[in-house]
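Trainee: only geometry, no sequence info:
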């Protein structure tokens with residue numbers, strides 16, 4: 001059995017996503033409409049941001065300590081001290097999953113049944129991948145320029161980043177929210 005080292009509790013509902021910043025802080029998103037930055041060594045909240053009427057479903061870490069959150073109509077980039085850098089809008093729907101390609105300016109953002117590839121420097125959508133029949137809750141990158149997505153429609157789809165077409169491998173009959 002494992003030994004509990006720290007107990008970080010300040011959210012008032014369940015946790016959607018959690019990541020570690022390069023400085024050792026931890027960032028979490030919750031059903032309680034907030035994301036929080038934590039100092040795990042002192043078991044303290046550094047800062048809290050409320051999404052208002054929208055939940056922060058997912059997050060990624062960009063260029064060391066920049067936090068990317070998916071909100072209802074796009075993305076937001078935050079400093080690790082919770083000050084907003086910029087908002088990027090352009091699609092509707094909740095950002096249920098994010099994946100950042102380290103060393104690039106590109107991020108995948110799922111919204112409803114679509115996946116959008118964004119350039120974070122130009123703020124433009126580069127491509128849209130459409131084929132799922134319901135909300136997408138998980139994504140990951142595979143070797144060779146491929147990525148995989150899992151959806152409420154009980155399918156896992158494999159895509160190539162340089163094409164808007166899905167690869168013919170569709171795994172069905174699954175009952176999961178996260179494929180990662």
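Mentor: Now that the structure is in, tell me what you want to look at. In this text the structure is predicted, and so the values were computed from the model without any measurement.

Trainee: buried ones in the helix or strand containing residue 35?
Mentor: Using DSSP states H and E, residue 35 maps to strand 34-39. Within strand 34-39, the residues scored as buried using 16 or more other CB atoms under 10 Å are 34, 35, 36, 37, 38. C-betas here are computed from N, CA, C, even on glycine.

Trainee: ok, of those residues, which one's closest to residue 160?
Mentor: residue 35 (31.7 Å; CB to CB).

Trainee: is that closest one bridged to anything, and to what?
Mentor: When bridges are called by DSSP bridges, residue 35 pairs up with residue 29, residue 49.

Trainee: wait, it touches residue 69, no?
Mentor: Yes. Applying CB atoms under 8 Å as the test, residue 35 and residue 69 come out as touching, 5.9 Å apart.

Trainee: residues shared between the contacts of the two?
Mentor: Taking CB atoms under 8 Å, 6 or more residues apart in numbering as the criterion, residue 35 and residue 69 both touch 29, 56, 59.

Trainee: buried only: go through the residues you listed for me.
Mentor: For the shared contacts of residue 35 and residue 69, a burial check counting by 16+ other CB under 10 Å picks out 29, 56, 59.

Trainee: from these, which has minimum pLDDT?
Mentor: By pLDDT, residue 56 ranks lowest within those, coming in at 85.

Trainee: got the phi and psi for that one?
Mentor: phi -90, psi 100 (degrees, to the nearest 10).

Trainee: and residue 125, its phi and psi?
Mentor: phi -80, psi 120.

Trainee: can you pull the contacts of it?
Mentor: Contact analysis of residue 125 by CB under 8 Å, 6+ apart lists 90, 91, 116, 117, 118.

Trainee: quick check, nearest of those residues to residue 25?
Mentor: Closest approach between the contacts of residue 125 and residue 25, by CB to CB: residue 118, at 24.4 Å.

Trainee: tell me, how many neighbours does residue 12 end up with?
Mentor: When counting by other CB atoms under 10 Å, one arrives at 10 neighbours for residue 12.

Trainee: repeat for residue 30
Mentor: When neighbours are counted by other CB under 10 Å, residue 30 registers 22.

Trainee: find the nearest non-adjacent residue to it, please.
Mentor: Closest residue to residue 30 apart from its sequence neighbours, by CB to CB, 6 or more residues apart in numbering: residue 11 at 4.1 Å.

Trainee: ok, and for stretch 96-112, which residues are buried?
Mentor: 96, 97, 98, 99, 100, 106, 107, 108, 109, 110, 111, 112.
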